[in-house]
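>>> below is the sequence, then the predicted model.
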There are 2 protein chains.
Amino acid sequence: MSDKRPTPHIVILGGGFGGLYAAKALKRAEARVTIVDRRNFHLFQPLLYQVATAALNPSDIAYPIRSVVARQENTNVILGEATAIDVDRKIVKLTDSEVAYDYLIVATGATHSYFSHPEWARTAPGLKTIEDALEIRRRVLLAFEAAERETDRDAQLAWLTFVIVGGGPTGVELAGALSEIARQTMLRDFRRINPSSARVILIEGKDRVLPTYPPDLSQKAEAQLRALGVEVITSAMVTGLDVTAVSVAAGDSPAAGPARTPAPTQMTIATRTVLWAAGVQASPLARTIGAPLDRAGRVLVNDDLTLPNHPEVFVIGDLASLKVPVPGVAPAAIQEGVHAARNIERLVRGEKTLPFHYRDKGSLATIGRAAAVADFGRLHVSGFFAWFAWLAVHIFFLIGFRNRVLVILQWAWAYVTYQRGARLITGSDASRDLT
Amino acid sequence: MSDKRPTPHIVILGGGFGGLYAAKALKRAEARVTIVDRRNFHLFQPLLYQVATAALNPSDIAYPIRSVVARQENTNVILGEATAIDVDRKIVKLTDSEVAYDYLIVATGATHSYFSHPEWARTAPGLKTIEDALEIRRRVLLAFEAAERETDRDAQLAWLTFVIVGGGPTGVELAGALSEIARQTMLRDFRRINPSSARVILIEGKDRVLPTYPPDLSQKAEAQLRALGVEVITSAMVTGLDVTAVSVAAGDSPAAGPARTPAPTQMTIATRTVLWAAGVQASPLARTIGAPLDRAGRVLVNDDLTLPNHPEVFVIGDLASLKVPVPGVAPAAIQEGVHAARNIERLVRGEKTLPFHYRDKGSLATIGRAAAVADFGRLHVSGFFAWFAWLAVHIFFLIGFRNRVLVILQWAWAYVTYQRGARLITGSDASRDLT
């Protein structure tokens, strides 16, 4: 416990899944650990869509980073934003100060990408932060209010049309949840409109939803979405987008697979609510490292997760690009975080690092009430059992015991009553945003 | 049930305690009822300080107005802001439309007053809305983060000093909760600062806290505050206020009662967080009615709660000023709401209205963990039993069954662990507001 080596300083940038599990893995390390995050909480992103759809509260899926590591004496937390990394001087620049490191783990993740249309961001919010989720909740709830006040039939229909761009897990979850809100939760609340006449339209560029899943599960997911009343359009690209409509054209990926609803060549959907769930790009911090990046802006790392020529710098999670592709999901980030921590401990002991191997424990995507798909390698499950597995896994991994209990109770309550408790339009006086 | 009279239209402005209970009392009325509110939810304001101090989530104390009256077939809800009332044309003007009424209940309440210093509002937020509460939560949590990052000792102390202006129930509740946060909740979270060294200072202009309570209970409340570590300064007025300090002078109300800590003639407190809990003013809508107002901007009403010369217009809650003063508390607003509803039913039946009499069922103010005071007329209670009564009453009156269960669980959890679950700094990237 007391040799001559000075205690190394390990700095972790980002308190997401990768960063937090790296810090936890360093609990017993003979080192000073500093976590830097621009937010004071860890966000359980897989459940963010539940905040966006008024089922959960922000604090149910977010937990102060300080509390997670409160009993970990060697670990310090700094609220701050890393603006650049100087790998030669071994320094991280924050907005108003600098932090020196001996070992660095960069885990600042990804944000959404509007490809070549950054101007769409205002009209079609994505879902990465608590604020994003509250903004989506606000827009969805306001749309029903605006429809109730609207007297023009076409304008009313536009308010009751919800378009979700992107048919990956987030898009599928949002579409399913929105359809349930319209068909169940809001059923008795309005006098002039029938909320269940709302249209929920999911647009996917590839020829099937959940394109990273096996085709049979994509097909099951689409069937479950349709059963919930969601209109699914595949092989379709969004070509234009403003506050009143979305333009869609036949996508460039030919409908080779089981394309269920080929998009028409060109089509315009009148809508007042567009949600963006298509595409991510790496955190801009990657560009300051001075290492080669891939097309999505992710840092190309060695197979031990280190930066080329910088064995003391590790890049993990959504920010890292490995030779053998790893999916951008929480379990992968967690495995990489733990692996980076172990490799640092090896370096401190003067040992060699080990290469990272992703252990795929399966993928789960939920669609709605008792509807989900699960890919456990050879075993493909859909429907109630997939949903139950999803539930169990997500509750188990929710950080913070209090959150778990509360989330279970809120879900149980919602399941029995079809109600969603967090249906608040906050942010400013709601009535001002109706027009 | 089917005589010749046309169904009257009863419009209720405001979905607070007064308006909502008026609507509920009209459940079986042979009338069309319309509730107009600029927010889509009813807010249980007595627990708002719990959101400001990270113990509860917004949706625990707010419930969609539509859901409350969903099964009440005769009642409609409009999300909109009333900008003026034309009592001669019997019309309410909204931002972008008009609503005609046969009977009107005005229940738009009050907002905070900075007396002759409206410029203090930015520096010292008050506590009336969900956004206010989240802003206070944000500032309090950020102050601890800033203190942790600060290296200058004086600057650190200023971040760890919290000043609450106003020693009424809201100020006392905020002070007690802040002291608990510093001394219990945050205890293990920081490495450089000791959160329990934080100062919480409560400033009251009168010679005792809770000046509307009997003097012996004020004394008990002050003792309980001091036991929690709150510094109480009475008979003191805030004379200046900016982002770094608060100036306090001996108040103009002489320390006639049991003044426990007379203020020095002049004093400046270095602080980065000032919260405002002193004084309210009536909603500006009152000025458009064209009736005489009192000093606080409230409408002077007849003893049956109607406007002079307008027996079809009722003003209730914090907006109404009666000859026999009624306290600005939820039970009073509820009683007035129900009374106005009954009087309208009498008018519809061609009967005379009845005068309103406030039934004082007692007052409760909570201070902290198992600390409170209760005034039940001759019976004055303090400590655990007052706190338990406060708990029971507040949970009982929480609208929405789900909220009650969740609030009980969160309180139970907080009571056992000293933790507060909603410790999130939201609104924007927290790190940007540190400096």
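Cool, got the structure. Residues are numbered from 1 along each chain as shown, chains lettered A, B, ... in the order given.

>>> beta partners of A:Ala371?
Assessed by DSSP bridges, A:Ala371 has beta-bridge partners A:Gly368.

>>> ok, it - contacts?
A:Ala371 is in contact with A:176, A:224, A:227-228, A:382-384, A:387, counting by C-beta atoms under 8 Å, 6 or more residues apart in numbering or on different chains. C-beta here means a position set from N, CA and C on the backbone, and glycine is covered the same way.

>>> ditto for A:Phe115
A:Gly279.

>>> if we can go back for a sec, quick check, nearest of the contacts of A:Ala371 to A:Gln50?
A:Gly176 (11.2 Å; C-beta to C-beta).

>>> work out for me the element A:Val248 sits within.
For A:Val248, the element it lies in under DSSP states H and E is strand A:245-250.

>>> repeat that for A:Arg226.
helix A:215-227.

>>> which parts of the stretch 51-200 of chain A are strands?
A:62-64, A:75-79, A:82-86, A:91-94, A:98-100, A:103-106, A:110-112, A:161-165, A:199-203 (DSSP state E, counting those that start in this stretch).

>>> got the CA coordinates for the last one in PDB?
Once non-C-alpha atoms are left out, strand A:199-203 reads as follows in PDB (Å, rounded to 0.1, in the frame of the first residue of the first chain):
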ATOM      1  CA  ARG A 199     -52.100  10.200 -36.200                       C
ATOM      2  CA  VAL A 200     -48.700   9.000 -35.100                       C
ATOM      3  CA  ILE A 201     -46.400   8.500 -38.100                       C
ATOM      4  CA  LEU A 202     -43.000   6.900 -37.900                       C
ATOM      5  CA  ILE A 203     -40.600   7.500 -40.800                       C
END
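
>>> can you list the residues of the stretch 1-150 of chain A near chain B?
A:38-41, A:57-60, A:62, A:64, A:66-67, A:70-71, A:76, A:78-81, A:94-97, A:130-131, A:134, A:141, A:145, A:148-149 (C-beta under 8 Å from any C-beta of the partner chain).

>>> just the buried ones from those?
With burial judged by 16 or more other C-beta atoms under 10 Å in any protein chain shown, the buried subset of these is A:38-41, A:57-60, A:62, A:64, A:66-67, A:70, A:76, A:78-81, A:94, A:130, A:134, A:141, A:145, A:148-149.

>>> now the element after the helix holding A:Arg226, going C-ward?
Moving toward the C-terminus from helix A:215-227, the next helix or strand (DSSP H and E) is strand A:230-233.

>>> next helix or strand past that next one?
strand A:236-241.

>>> other SSEs contacting that next one?
On a contact count with 3 or more C-beta pairs under 8 Å, 6 or more residues apart in numbering or on different chains; DSSP states H and E, strand A:236-241 meets strand A:245-250.

>>> mind listing what the strand it packs on pairs with, with the direction of each?
According to DSSP bridges, strand A:245-250 has these partners: strand A:236-241 (antiparallel), strand A:266-270 (antiparallel).

>>> what's the first-to-last distance across stretch A:115-133?
Distance across stretch A:115-133, first residue to last, is 21 Å (C-alpha to C-alpha, to the nearest Å).

>>> only the buried residues of that stretch, if you could.
For stretch A:115-133, burial by neighbour count (16+ other C-beta under 10 Å) applies to A:120, A:123-130, A:132-133.

>>> just the strands in the stretch 201-350 of chain A please.
Along the stretch 201-350 of chain A, counting by DSSP E, counting those that start in this stretch, strands occupy A:230-233, A:236-241, A:245-250, A:266-270, A:273-276, A:280-282, A:299-300, A:306-307, A:310-315, A:320-321.

>>> show me the shaky parts of the stretch 251-400 of chain A.
Residue ranges of the stretch 251-400 of chain A with pLDDT under 70: A:251-264, A:400.

>>> if we go to 90?
When residues are selected by pLDDT under 90, those of the stretch 251-400 of chain A lie in A:251-266, A:279-280, A:295-296, A:327-328, A:361-364, A:368-371, A:376-378, A:384-385, A:387-400.

>>> just the helices in it please.
Taking DSSP state H, counting those that start in this stretch as the criterion, the stretch 251-400 of chain A carries its helices at A:330-348, A:384-397.

>>> of those, which stretch is the most buried?
Among these, helix A:330-348 has the highest mean neighbour count (mean count of other C-beta atoms under 10 Å in any protein chain shown), at a mean of 23.

>>> I figured A:Lys128 hits A:Ala121, correct?
No. If you go by C-beta atoms under 8 Å, A:Lys128 and A:Ala121 don't touch, sitting 11.3 Å apart.

>>> quick check: neighbours shared by these two?
A:His112.

>>> burial count for the nearest residue to A:Asp303 once chain neighbours are set aside?
The shortest distance from A:Asp303 to any non-neighbouring residue, by C-beta to C-beta, 6 or more residues apart in numbering or on different chains, is to A:Pro355 (4.0 Å). Using other C-beta atoms under 10 Å in any protein chain shown, A:Pro355 has 13 neighbouring residues.

>>> just checking, A:Pro355 touches A:Asp304?
Yes. Counting by C-beta under 8 Å, A:Asp304 is a contact partner of A:Pro355 at 5.3 Å.

>>> give me the most central residue, chain A.
A:Gln45 (4.8 Å; C-alpha atoms, centre = their mean).

>>> mind listing what that residue touches?
With contact set as C-beta under 8 Å, 6+ apart, A:Gln45 has these partners: A:16-17, A:128, A:330.

>>> same check on A:Ser247?
Here A:Ser247 is in contact with A:238-241, A:266-269 (criterion: C-beta under 8 Å, 6+ apart).

>>> against chain B, how distant is it?
29 Å (C-beta to the nearest C-beta, to the nearest Å).

>>> and that residue, what pLDDT?
On pLDDT, A:Ser247 comes in at 95.

>>> which residue sits closest to it, ignoring its sequence neighbours?
Of all residues not flanking A:Ser247 in the chain, A:Gly240 sits nearest, at 3.6 Å (C-beta to C-beta, 6+ apart).

>>> surely A:Ile408 meets A:Ile395?
Yes. If you go by C-beta under 8 Å, A:Ile408 and A:Ile395 touch, sitting 6.0 Å apart.

>>> could you dump the helices of the stretch 251-400 of chain A to TSV with distance to chain B?
Formatted as TSV, those follow (distance: least, C-beta to the nearest C-beta, whole Å):
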stretch	distance to chain B
helix A:330-348	19
helix A:384-397	16
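
>>> which among those is found nearest to B:Ile399?
Across the helices of the stretch 251-400 of chain A, closest to B:Ile399 is helix A:384-397 (C-beta to C-beta), at 28.2 Å.
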